[in-house]
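Novice: Sharing a model that was predicted from the sequence below.
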Amino acid sequence: MKNIIAAQPFDNKLLNVVFDDGASFKVDMRPFIKSGVSQALNDQSYFNRVVVEDGYITWPKGFDFCPEFLYQYAVSHHD
């Protein structure tokens, strides 16, 4: 299983994600911001509070992403 070791937020809901295999991707997170708990990510100051915990990216109030899903998504949407 892939793990995330670093994440850096950018404007426009972009997130640079580094995985434990050395792969690094800039991921557009906008497609994942819907209603409910993910809607808080629309606030750039909240979005910028991303941290890496136990190989996952996470935000306050428990919103997180599975690293394996994010890796597959990044690979399939990489230029």
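Specialist: Received the coordinates, thanks. Residues are numbered from 1 along each chain as shown.

Novice: how deep is Phe25 tucked in, by neighbour count?
Specialist: 16 (other CB atoms under 10 Å). Every C-beta, even on glycine, is put in place using the N, C-alpha and C of the backbone.

Novice: where does the nearest residue to it once chain neighbours are set aside fall, helix, sheet strand or coil?
Specialist: The shortest distance from Phe25 to any non-neighbouring residue, by CB to CB, 6 or more residues apart in numbering, is to Ala74 (3.7 Å). The three-state assignment at Ala74 reads helix, by DSSP: H, G, I helix; E, B strand; the rest coil.

Novice: same thing with Val37?
Specialist: Put simply, Val37 is helix when judged by three-state DSSP.

Novice: list the contacts for it?
Specialist: Listed by CB atoms under 8 Å, 6 or more residues apart in numbering, the contact partners of Val37 are Lys61, Gly62, Phe63.

Novice: By neighbours, which of those residues wins?
Specialist: Counting neighbours by other CB under 10 Å, Phe63 comes out on top of these with 17 neighbours.

Novice: For that residue, list each beta-bridge partner.
Specialist: Under DSSP bridges, the beta-bridge partners of Phe63 are Trp59.

Novice: From Ser38, how far off is Asp21?
Specialist: Taking CB to CB, to the nearest Å as the measure, Asp21 falls 27 Å from Ser38.

Novice: Does Gln8 touch Leu15 like I think?
Specialist: Yes: with contact defined as CB atoms under 8 Å, Gln8 counts as touching Leu15 (7.1 Å).

Novice: rewinding a little: can you add pLDDT and give the contacts of Val37 back as JSON lines?
Specialist: Shown next, in JSON lines, are the contacts of Val37 (pLDDT from 0 to 100):
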{"residue": "Lys61", "pLDDT": "80"}
{"residue": "Gly62", "pLDDT": "75"}
{"residue": "Phe63", "pLDDT": "84"}
